[in-house]
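A.B. asks: got a sequence here, can you build the structure:
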Amino acid sequence: MNASELKLKLFRQIDLLEKSSLEDLYGVLINFINSKKDIEDWVNLTDNQKRGIINAIEEMDSGNGISHNKVINKFRKKYSHA
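C.D. replies: Down below sits the predicted model:
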């Protein structure tokens, strides 16, 4: 199958999707595209930046972080009256 045939096949399948499925597919496609960019971004970081990110991940993995829900709740309370 050449590129044109593949694009046409994809278009036909996408064209049949319901709106919610189309939105899901859009999210998956954007994530796929961005993941390629993320790899390029990682390569362009300095060794010090990479080390900082790795250290942060290790801290989170060892339980030394704050959960997303706690952070969100803190700021919702803080700014709910603004």
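A.B. asks: residue 27 versus residue 47, what's the distance?
C.D. replies: Distance, residue 47 to residue 27, using Cβ to Cβ, to the nearest Å: 33 Å. C-beta here means a position set from N, CA and C on the backbone, and glycine is covered the same way.
A.B. asks: likewise residue 1?
C.D. replies: Applying Cβ to Cβ to residue 1 and residue 27 gives a distance of 26 Å.
A.B. asks: go on, residue 36?
C.D. replies: Going from residue 36 to residue 27 by Cβ to Cβ gives 16 Å.
A.B. asks: just the CA coordinates of stretch 47-62, formatted as CSV?
C.D. replies: Presented in CSV, the C-alpha positions along stretch 47-62 are these (Å, rounded to 0.1, in the frame of the first residue of the first chain):
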residue,chain,number,x,y,z
ASP,A,47,23.3,17.3,30.9
ASN,A,48,22.5,19.4,33.9
GLN,A,49,18.8,19.7,32.8
LYS,A,50,18.5,16.0,32.1
ARG,A,51,20.0,15.2,35.6
GLY,A,52,17.5,17.6,37.2
ILE,A,53,14.5,15.9,35.5
ILE,A,54,15.8,12.4,36.4
ASN,A,55,16.3,13.4,40.0
ALA,A,56,12.8,14.8,40.2
ILE,A,57,11.3,11.6,38.8
GLU,A,58,13.3,9.6,41.3
GLU,A,59,12.0,11.7,44.1
MET,A,60,8.4,11.2,43.0
ASP,A,61,9.0,7.5,42.6
SER,A,62,10.3,7.3,46.2
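A.B. asks: what mean pLDDT would you report for it?
C.D. replies: Across stretch 47-62, pLDDT averages out at 92.
A.B. asks: where does residue 78 fall, helix, sheet strand or coil?
C.D. replies: Under DSSP: H, G, I helix; E, B strand; the rest coil, the three-state class of residue 78 is helix.
A.B. asks: tell me how many other residues crowd it.
C.D. replies: Residues contacting residue 78 under the criterion other Cβ atoms under 10 Å number 9.
A.B. asks: could you do residue 65 as well?
C.D. replies: Residues near residue 65, counting by other Cβ under 10 Å: 13.
A.B. asks: what sits against it?
C.D. replies: Neighbouring residues of residue 65 by Cβ atoms under 8 Å, 6 or more residues apart in numbering: residue 59.
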